[in-house]
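Undergrad: Sequence and predicted model, in that order:
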Amino acid sequence: MMRAVVYREPGRVEVADVPRPVLVADTDAIVRVHLAGICGTDLHVVRGDFQGMHPGMVVGHEFVGEVVEAGAAVKRFRIGDRVMSSDFTACGRCHWCDEGDHWHCGERAFFGTGTAFGPSLSGAQAEYVRVPHADTTLGELPAGCSPEAGLLMADNLATGWIAAERAGVGAGDTVVVMGGGAVGQLTALSAQALAAGIVIVIEPSEGRRDFARAQGNLAVHPDEASALVGRLTDGRGADAVLEAVGSAGPLDAALALLRPRGRVVSVGAHAAESWSFPLARAFAAELSVSFAIGNAIRLRRKLLRLVASGAFDPTVVIDARGALADAPALYAELGAQRRLKAVVSP
């Protein structure tokens, strides 16, 4: 048995004893978790926004740790290796993996999210976690990378980076980030690293706006966003708006702030089945709207180089740390937006 954070009912998690994972396939590894993150997606899961969660399921999808068991087919890792992970698995052999589009792998499973994104796979807010397709899913955690930075590459940083990369952010661009949570803040830092001229974080929370300003961004309440963007762009609108909330309202606001031929990229975790799209305006203004999911398997080497170079420090978003037993209280703090990002150490 081991201790783990489990989903109990909508809005509630608890720490409980659950069976310790075992190897199922010869491509699996078992990782002793040194550090696990609590993410905005976890809040969606616990609130019941996604299908396929049942009482007793272990939650969490961000982790770093140490390999303690490895199947016979695992070649890249040995017992004792320090590793970080993607938040989802991929086989590493199919068409999609060869193209670097690991999210679309037919054997994808997302840690700790029930069946919302594929087959159920037990989560990582636990003492141990089973990692399918370990040679692809896991990455080495270099000695020069802190465990907290490695953990953030699993999801929050990979997601923030893909938003800026997919939008084609370039030198001098005016970039708006919708949402000042951990993903939004790392999206803004990614846009800075790609040489954006002005980065504006749109966020209702005063504390999160203050945090964004401390990282070198402009920040404004949603009610004041249109006036600020108009003033800074002589009325043209933003070159790119990166949506990091995951609901229709911010997407509507993103389109309203965009210049003709501008780009919206949404990386918020959406659960709604549909969204009313302003088709005539989008056509007339030649707007581009796309959605993206972070892919640590493809991006982690690049992100490791950026962090090692000092381009930015992603760990600035972590403002709460605790033991596994503290997880229920940390979920409550994050849900009330009193914290930005939390990590727990089993």
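TA: On my side now, so go ahead.
Undergrad: Would you map the strands across the stretch 101-250 of the chain?
TA: Under the criterion DSSP state E, counting those that start in this stretch, the stretch 101-250 of the chain contains strands at 128-131, 138-140, 174-178, 198-202, 218-220, 238-243.
Undergrad: what's the closest of these to residue 23?
TA: strand 128-131 (7.3 Å; C-beta to C-beta). Where C-beta positions appear, they are placed from N, C-alpha and C, glycine not excepted.
Undergrad: partners of the closest one in the sheet?
TA: Paired neighbours of strand 128-131 in the sheet (DSSP bridges): strand 29-38 (antiparallel).
Undergrad: Just after the partner strand, pick out the following helix or strand.
TA: Sequence-wise, the next helix or strand downstream of strand 29-38 (DSSP states H and E) is helix 40-47.
Undergrad: Give the buried residues for that following helix.
TA: If you call a residue buried by 16 or more other C-beta atoms under 10 Å, then helix 40-47 has these buried ones: 40-46.
Undergrad: which secondary element of this structure has the worst mean pLDDT?
TA: helix 40-47 (a mean of 91; mean pLDDT, DSSP states H and E).
Undergrad: Remind me what the following helix or strand past that helix packs against, helices and strands.
TA: Per DSSP H and E, helix 40-47 leads on to strand 62-70 as the next helix or strand towards the C-terminus. Contacts defined by 3 or more C-beta pairs under 8 Å, 6 or more residues apart in numbering; DSSP states H and E place strand 62-70 against strand 29-38, strand 82-85, strand 128-131, helix 147-153.
Undergrad: Just put those in TSV and tack on distance to residue 184.
TA: Shown next, in TSV, are the helices and strands packed on strand 62-70 (distance: least, C-beta to C-beta, whole Å):
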stretch	distance to residue 184
strand 29-38	16
strand 82-85	22
strand 128-131	27
helix 147-153	14
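Undergrad: Export the ones you listed to a markdown table and append columns for mean pLDDT.
TA: Formatted as a markdown table, the helices and strands packed on strand 62-70 follow (pLDDT from 0 to 100):
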| stretch | mean pLDDT |
| --- | --- |
| strand 29-38 | 98 |
| strand 82-85 | 98 |
| strand 128-131 | 98 |
| helix 147-153 | 97 |
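Undergrad: JSON lines please, covering those and showing mean neighbour count and distance to residue 111.
TA: Formatted as JSON lines, the helices and strands packed on strand 62-70 follow (neighbours: other C-beta atoms under 10 Å; distance: least, C-beta to C-beta, whole Å):
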{"stretch": "strand 29-38", "mean neighbour count": "24", "distance to residue 111": "10"}
{"stretch": "strand 82-85", "mean neighbour count": "24", "distance to residue 111": "8"}
{"stretch": "strand 128-131", "mean neighbour count": "25", "distance to residue 111": "7"}
{"stretch": "helix 147-153", "mean neighbour count": "26", "distance to residue 111": "13"}
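Undergrad: Residue 297: which of those is closest?
TA: Closest to residue 297 of the helices and strands packed on strand 62-70 is strand 82-85 (C-beta to C-beta; 9.3 Å).
Undergrad: Dump the closest one to CSV, restricted to CA.
TA: Extracted C-alpha coordinates of strand 82-85, given in CSV (Å, rounded to 0.1, in the frame of the first residue of the first chain):
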residue,chain,number,x,y,z
ARG,A,82,16.3,10.9,-11.6
VAL,A,83,13.5,11.6,-14.0
MET,A,84,10.8,14.2,-15.0
SER,A,85,7.7,13.3,-17.0
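Undergrad: Other residues contacting it?
TA: Strand 82-85 has contacts (C-beta atoms under 8 Å, 6 or more residues apart in numbering) with 31, 62-67, 77, 111, 124, 131, 137-141, 145, 150-151, 153-154, 296, 300.
Undergrad: For the top helix by length along the chain, name the packing helices and strands.
TA: Identified as the longest helix of the chain according to DSSP state H is helix 296-309. Helices and strands touching helix 296-309, by 3+ C-beta pairs under 8 Å, 6+ apart, are strand 82-85, strand 138-140, helix 147-153, helix 156-166.
Undergrad: re earlier: same list, the strands of the stretch 101-250 of the chain, but as a markdown table with distance to residue 337 please.
TA: Shown next, in a markdown table, are these (distance: least, C-beta to C-beta, whole Å):
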| stretch | distance to residue 337 |
| --- | --- |
| strand 128-131 | 28 |
| strand 138-140 | 31 |
| strand 174-178 | 15 |
| strand 198-202 | 14 |
| strand 218-220 | 15 |
| strand 238-243 | 18 |
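Undergrad: Out of those, which is closest to residue 342?
TA: With C-beta to C-beta as the criterion, residue 342 lies closest to strand 128-131 of those, at 17.8 Å.
Undergrad: and the angle from the least confident helix or strand of the chain to strand 29-38?
TA: Counting by axes from the mean of the first three to the mean of the last three C-alpha atoms, to 10 degrees, helix 40-47 lies at 90 degrees to strand 29-38.
Undergrad: Other residues contacting stretch 275-294?
TA: Contacts of stretch 275-294 (C-beta under 8 Å, 6+ apart): 87, 103, 155-163, 166, 248, 251-252, 255, 258-267, 270.
Undergrad: If any of those residues are buried, give me the PyMOL selection for them.
TA: Buried residues among these (16+ other C-beta under 10 Å), as a PyMOL selection:
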select buried, resi 87+103+155+156+157+158+159+160+161+162+163+166+251+255+258+259+262+263+264+265+266+267+270
